[in-house]
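1. Below is the sequence, then the predicted model.
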Amino acid sequence: MTNRGAARARSGHHWVYRSDVERAAGEVGDVVRVTDKARRFLGYAFYNPKSEITLRIVTREEEEVNEAVFHARIERAQAYRKSLDIDADAYRLLHAEADGIPGLVVDRYGDFFVLQAGSAAIERRLNWILAALEDLFAPAGVLLRGDSAARRKEGLETEVRVLSGEVPEGVVVREGQVRYRAQLWTGQKTGGFLDQRENHLAVEHYARDRVLDVFSYAGGFALHAARFANSVEAVDSSGDALKVVCANAELNDLSNVTFTRANAFDLLRERSDAGERYDTVILDPPALAKTKRDLSAAARAYKEINLRALKLLSDGGILFTCSCSYHFSREMLEATLRSAAADAGRVVRVREWRGQAKDHPEILAIPETRYLKCAVLECL
Ligand code: SAH
């Protein structure tokens, strides 16, 4: 590979882009030996010439990448999750590169496991993964959610199918003191926003009186907030998401949650123009910057919703604001929030900065594995 690619690989990054591959031999999904120009060994990698990320390094050792390696990595991933004392029965068991299996995500919902196979090499080795899951967990069912955008980039078919056992449409799981229904076949991601779990729990500490949960989806924040607030209004543009929030509120005997179907941008503007006041506002929009090209539009959008939210807050009110766009860095979010606070004329105290839950670990050398940022801000 090119000197640039080799330097990147030596820095610890696992990805090699197509433009850094000089010569390659193999089929889509093969494990190939990777060397620099001088033929010095760099590792073994998953190979996919159809993907922009052509090589994903699996090991830097001279070892065969076989079923035993997969088993050991899944076992290690579970040992790490165990050490976290997760107060929930849905969590991410395996987080791709950050757990040593590039392109593979395994989420656990009680006795059911949902896989996302984002690379051709994983697709070819699903039987190894199933064997390891069977051995370690004896799952009631394993579902493949092959409908992510990542798959299209890898030239893979989009499909959702059962790999073993039986998998129901939805399953009720627990997150702290809240129970919710995760839609395994059709829900966003693998059925829930597991990366927000610790933040959902943290909201219990901040939520009080009148709460507005914007971009609520199935109510990840709203349900936890409702346990400590007088009233919570969940807002989403998706009617299906709101139906699930409604069912989830019932499941938890929470009668103080209301649901509004609206475009968040319009609703925030209307409410702030009308002089409404809330004590806690939660903003968890979808990734507004999916690529670098979207950055300036995303900055405007993040600023708009945060500006409105700050205007809506009572004195002492809390804004719990998130960005899951990798490209929109923590620094950019911070600058955007600063500018929104200035325009809103509010003095804002930073209570804390938060990130993705610990079962979605990041690898120091792969900046792309840190994507979720949440600021908890108090309006003085
Ligand atoms: N807060 C949720 C996850 C939110 S995902 C949790 O923690 O579980 C983002 C949500 O924003 C999706 O449900 C999507 O339907 C909704 N959404 C996207 N664009 C929107 C818009 N313009 N207005 C309102 N909701 C929107």
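-> Everything's here; your move.

2. From now on I want contacts and neighbour counts done on CA atoms only, so please keep to that.
-> Fine.

3. Please give me every residue in contact with V65.
-> Neighbouring residues of V65 by Cα atoms under 8 Å, 6 or more residues apart in numbering: V31, Y44, V58, T59.

4. Top of these by number of neighbours, please.
-> Y44 (23 neighbours; other Cα atoms under 10 Å).

5. Spell out which parts of the protein neighbour the ligand.
-> 193, 196, 215-221, 236-238, 241, 262-264, 284-286 (Cα under 6 Å from any ligand atom).

6. what about K82, neighbour count?
-> K82 has 12 nearby residues by other Cα under 10 Å.

7. SS state for it?
-> Each residue gets one of three states, and K82 gets helix by DSSP: H, G, I helix; E, B strand; the rest coil.

8. So for it, what pLDDT did the model give?
-> K82 is assigned a predicted lDDT (pLDDT) of 97.

9. in the stretch 51-200 of the chain, which spans are helices?
-> 67-83, 120-124, 126-137, 149-153, 197-206 (DSSP state H, counting those that start in this stretch).

10. Tell me what angle the longest one forms with helix 126-137.
-> Just to be clear, that refers to helix 67-83. Here helix 67-83 runs at an angle of 40 degrees relative to helix 126-137 (axes from the mean of the first three to the mean of the last three Cα atoms, to 10 degrees).

11. Just the buried residues of the residues of the chain next to the ligand.
-> When these are checked for burial by 16 or more other Cα atoms under 10 Å, the buried set is 193, 196, 215-221, 236-238, 241, 262, 264, 284-285.

12. Where strands are concerned, which of the residues you listed count?
-> D236 (DSSP state E).

13. Among the contacts of V65, which one sits closest to the ligand?
-> V58 (30.8 Å; Cα to the nearest ligand atom).

14. If you drop the residues flanking it in sequence, what lies closest to the residue in the stretch 51-200 of the chain that the ligand sits nearest to?
-> Of all residues in the stretch 51-200 of the chain, F193 sits closest to the ligand, at 4.8 Å by Cα to the nearest ligand atom. Closest residue in space to F193, ignoring its immediate chain neighbours: G220 at 7.4 Å, by Cα to Cα, 6 or more residues apart in numbering.

15. Distance of that neighbour relative to F259?
-> For G220, the distance to F259 equals 13 Å [Cα to Cα, to the nearest Å].

16. mind listing the helices for the stretch 201-350 of the chain?
-> Assigned by DSSP H, counting those that start in this stretch, the stretch 201-350 of the chain shows helices spanning 220-226, 239-251, 264-273, 295-312, 330-344.

17. Summarise which helices and strands the first one is packed against.
-> Helix 220-226 sits against helix 197-206, strand 210-214, strand 231-236, strand 257-261, with contacts defined as 3 or more Cα pairs under 8 Å, 6 or more residues apart in numbering; DSSP states H and E.

18. Now the residue of the stretch 51-200 of the chain closest to the ligand. Its backbone dihedrals?
-> phi -100, psi 80 (degrees, to the nearest 10).
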